[in-house]
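Visitor: just need the structure, nothing else, for what follows:
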Amino acid sequence: MAKFGELLIVENLITQEELNLCLQAQGLNRHERIGAILKHYNFIDDLKIAELIAREIGWEFFTGEYVPDYSAVKSMGFEFFNKNQIFPVKDGPRTIFVVSYIDNVDVTDHLKVALALDTEDKDSFAIGSEKEVRLALELLALEENRRNINTPSLEISGNDEDKVTTWFDQIIKQAVITHSTDIHIEPALKVTEVRFRIDGILKFICCVKKEHIHAIANIILNRCHANPGEYRFQEGGFRYQCQDTGKDYDIRFSQVPSAYGPAIVLRLHDKVMASIPLERLGYSESNWKLIKEMLKKPYGIILVTGPTGCGKSTTLYGMLNHIKSIGKKILTVEDPIEINHTLMTQLQINHAQEVTFARAIRAFLRHDPDIILVGEIRDQETAREAVRASITGHQVFSTLHTNGPLEAILRLNDLGIEPFNIASSLLAVVAQRLVRKLCRYCKRDVCIQKESLETYEVKYLMEEAQVICKPRGCEKCHEGYRDRTVVAEVVVIDEEIKSLIGRGQLGEISQLLREKGHQSMVDEAARLVNQGVTSLEEVVRVLG
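Guide: Numbering: from 1, shown residues only. Down below sits the predicted model:
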């Protein structure tokens, strides 16, 4: 096989300039493979690398669902697959061993002997994305750990710091294993309660004696390099490495002084999950097409809206990674910086040093940018600076805390932006939510009639009588659900909408979109219910 970098150039997957940069970086980091460096810079993603390797060696390129073959895992042992980054996929009656890299031929030969496979059989092996194989193996490991998990207890007299520390570390480990996004430690009248947010839902985990809350707070404050014993409003962060997955997590800390002691919330930030490519976030084909078209525009504002925790930052990062290149200067100002990216200059809000969103944008305009990301438009000054940046020839990406696309336009108007400036600067608004996906192992089909539903439920059904899926619950999921996907609505500001905005006729935009057959968020949710991706109960919970 020809040199990997040369193959990528021949296939028009990278440019010579990009390869030169990566080769120089490899010269300074000789232990890294060129493929890893190319992915580090987002010049090429795992899927394209896997597809190229599969074609070169004559193996199948795997793009299916990573459904584990538990019999193969039991036969060979999970450690074997994890060490060699191979995932055994159950595909009907056969097993496909999806390999993320092909450096070690002895491993595949060993598999053939151990499982009595035909030595010439290529159909039992496939090449898959390195990231997807790794994530599938991590989920398999977490699934196994979840079966054996025991909620840690804290039955001690007084505040033995070592025992409290051990308990706290076990709580974080349990949160990682259960794929929780947040840990809530809440002092109450009689006890201190601990809850995890799993797939958007708070779940009770355990209680500890209420007098332990100050020792727990001090441990966290020490790790954040904050002031122990100060139980007022405090924020910070620290890093945690999970021994089971080998992954690093950034943990954001927030404390408020409640009536019964410091109330604490810890947000677990998985860097790998936060850098998912845009095309794999779950957007429908029609919405994905609209997003790709608007990303080609050389200037203007693109807004992502929705409540806290709906994946706005992940979407923004996905957009930037999709369009970034050596030839583009990207500047970001965030609060806080959630993940470090290559080929971007990132600033973090620091009010003590007077680093604000608005001030950063003004400074950015003297820094020769092509693209600017503003973490959030919160006030009039930031809104005006973002508009000014866009109408002076820059792509601007930001977020707003509004419920839908039209509310975003109204919000900009409320912030003092004149309608004609909104019309001339705004490219598109993406409104999104996250809904839980039904567990593929235990979901069940039911036939439901529209006439039996409440008024607020009917809009999510496409037929008068329809077969939909409902959650059941099993050892592989959380009460019938496993993971989440995006429900989105994309409004591109075309000439007709610009005209309405410019004339201040914002109330007429909804009617225009209906006449155009626009796909709303409700339509997208109905599609997911119809396809059995999620349940009727779930979309009602999230969208109402």
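
Visitor: surely T95 meets P68?
Guide: No - assessed by CB atoms under 8 Å, T95 is found out of contact with P68, at 9.9 Å. Backbone N, C-alpha and C define where each C-beta goes, glycine included.

Visitor: shared neighbours of those two, which are they?
Guide: Common contacts of T95 and P68, defined by CB atoms under 8 Å, 6 or more residues apart in numbering, comprise 88-89.

Visitor: the two - which one has more neighbours?
Guide: When T95 is set against P68 and neighbours are counted by other CB atoms under 10 Å, the residue ahead is P68, at 20 against 16.

Visitor: mind listing what's buried in the strand or helix carrying I9?
Guide: Under the criterion of DSSP states H and E, I9 resides in helix 4-10. Neighbour counts using 16 or more other CB atoms under 10 Å place 4-5, 7-8 of helix 4-10 among the buried residues.

Visitor: and it, what's its mean pLDDT?
Guide: Averaging pLDDT along helix 4-10 gives 83.

Visitor: show me where pLDDT drops low in the protein?
Guide: Applying pLDDT under 70 to the chain flags residues 1-2, 101-109, 115-122, 142, 144-159, 244-246, 271-275.

Visitor: rewinding a little: which helix or strand lies directly C-terminal to the helix holding I9?
Guide: As assigned by DSSP H and E, the chain's next helix or strand after helix 4-10 is helix 16-28.

Visitor: helices and strands around that following helix, which ones?
Guide: Contact analysis of helix 16-28 by 3 or more CB pairs under 8 Å, 6 or more residues apart in numbering; DSSP states H and E lists helix 4-10, helix 34-40 as its packing neighbours.

Visitor: any buried residues in the last one, and which?
Guide: Going by neighbour count (16+ other CB under 10 Å), the buried part of helix 34-40 is 34-35, 37-39.

Visitor: again, but for stretch 378-394
Guide: 378, 381-390, 394.

Visitor: redo those as JSON lines? Include distance to R239 and secondary structure.
Guide: Listed next are those as JSON lines, based on distance: CB to CB, whole Å; DSSP: H, G, I helix; E, B strand; the rest coil:
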{"residue": "R378", "distance to R239": "28", "secondary structure": "coil"}
{"residue": "E381", "distance to R239": "33", "secondary structure": "helix"}
{"residue": "T382", "distance to R239": "30", "secondary structure": "helix"}
{"residue": "A383", "distance to R239": "34", "secondary structure": "helix"}
{"residue": "R384", "distance to R239": "37", "secondary structure": "helix"}
{"residue": "E385", "distance to R239": "33", "secondary structure": "helix"}
{"residue": "A386", "distance to R239": "32", "secondary structure": "helix"}
{"residue": "V387", "distance to R239": "37", "secondary structure": "helix"}
{"residue": "R388", "distance to R239": "37", "secondary structure": "helix"}
{"residue": "A389", "distance to R239": "33", "secondary structure": "helix"}
{"residue": "S390", "distance to R239": "36", "secondary structure": "helix"}
{"residue": "H394", "distance to R239": "34", "secondary structure": "coil"}
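
Visitor: and the buried residues of helix 4-10, which is closest to L331?
Guide: Using CB to CB, L8 comes nearest to L331 of the buried residues of helix 4-10, at 28.3 Å.

Visitor: just checking, that closest one touches L52?
Guide: Yes - look at L8 against L52 with CB under 8 Å: they come within range, at 7.1 Å.

Visitor: quick one: the strands in the stretch 301-450 of the chain?
Guide: 330-334, 345-348, 371-374, 395-400, 426-438, 444-449 (DSSP state E, counting those that start in this stretch).

Visitor: which strands and helices lie in contact with the second one?
Guide: When you say that, I think you mean strand 345-348. Looks like strand 345-348 contacts strand 330-334 (3+ CB pairs under 8 Å, 6+ apart).

Visitor: from L21, how far off is E79?
Guide: Using CB to CB, to the nearest Å, E79 is found at 37 Å from L21.

Visitor: which of these two has more neighbours?
Guide: Just comparing E79 and L21: by other CB under 10 Å the higher neighbour count belongs to L21, 18 against 9.

Visitor: which residue packs closest to the more buried one, ignoring adjacent ones?
Guide: With sequence-adjacent residues excluded and distances taken as CB to CB, 6 or more residues apart in numbering, L21 is closest to I326, at 6.6 Å.

Visitor: got the phi and psi for the one you found?
Guide: phi -60, psi -30 (degrees, to the nearest 10).

Visitor: what of L266?
Guide: Backbone torsions for L266, taken as degrees, to the nearest 10, come to phi -110, psi 130.

Visitor: beta-bridge partners for it, please?
Guide: I183, F253 (DSSP bridges).

Visitor: next, count neighbours for L365.
Guide: Neighbours around L365, by other CB under 10 Å: 15.

Visitor: contacts only, for the nearest residue to it once chain neighbours are set aside.
Guide: Spatial nearest neighbour of L365, chain neighbours left out: A389 (6.1 Å); criterion: CB to CB, 6+ apart. For A389, the contacting residues are 361, 364-365, 372, 396, by CB under 8 Å, 6+ apart.

Visitor: report the contact partners of I377.
Guide: Going by CB under 8 Å, 6+ apart, I377 touches 303, 357, 383, 386, 398-400, 412, 415.

Visitor: no no, H225
Guide: G236.

Visitor: for S124, see how far away it is.
Guide: Distance, H225 to S124, by CB to CB: 52 Å.

Visitor: please, where are all the helices along the stretch 351-500 of the chain?
Guide: Along the stretch 351-500 of the chain, counting by DSSP state H, counting those that start in this stretch, helices occupy 357-364, 380-391, 405-414, 419-425, 455-458, 495-502.

Visitor: tabulate those helices (JSON lines), appending distance to K443.
Guide: Formatted as JSON lines, these follow (distance: least, CB to CB, whole Å):
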{"stretch": "helix 357-364", "distance to K443": "43"}
{"stretch": "helix 380-391", "distance to K443": "43"}
{"stretch": "helix 405-414", "distance to K443": "31"}
{"stretch": "helix 419-425", "distance to K443": "43"}
{"stretch": "helix 455-458", "distance to K443": "18"}
{"stretch": "helix 495-502", "distance to K443": "39"}
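
Visitor: of all these, which lies closest to E489?
Guide: helix 405-414 (6.0 Å).

Visitor: so what touches that closest one?
Guide: Taking CB under 8 Å, 6+ apart as the rule, helix 405-414 contacts 303, 305, 377, 383, 400, 402, 419, 422, 426, 429-431, 489-491, 501, 506, 509-510.

Visitor: and for stretch 327-346?
Guide: Stretch 327-346 has contacts (CB under 8 Å, 6+ apart) with 40-42, 237, 250, 252, 269, 271, 274-275, 313, 317, 320-321, 324-326, 347-349, 355, 357, 360-361, 364, 367-376.

Visitor: out of these, which are buried?
Guide: Buried members of these, scored by 16+ other CB under 10 Å, are 41-42, 237, 250, 252, 269, 275, 313, 317, 320-321, 324, 347, 349, 357, 360-361, 364, 369-376.

Visitor: so who does the residue nearest to L21 touch?
Guide: Contacts of I326 (CB under 8 Å, 6+ apart): 15, 17-18, 21, 343.

Visitor: do K292 as well
Guide: H322.

Visitor: and if you look at M294?
Guide: 302, 427-428, 492.

Visitor: tell me which element it falls in.
Guide: helix 285-295.

Visitor: relative orientation of that helix and strand 426-438 in degrees?
Guide: Per axes from the mean of the first three to the mean of the last three CA atoms, to 10 degrees, the angle that helix 285-295 makes with strand 426-438 is 150 degrees.
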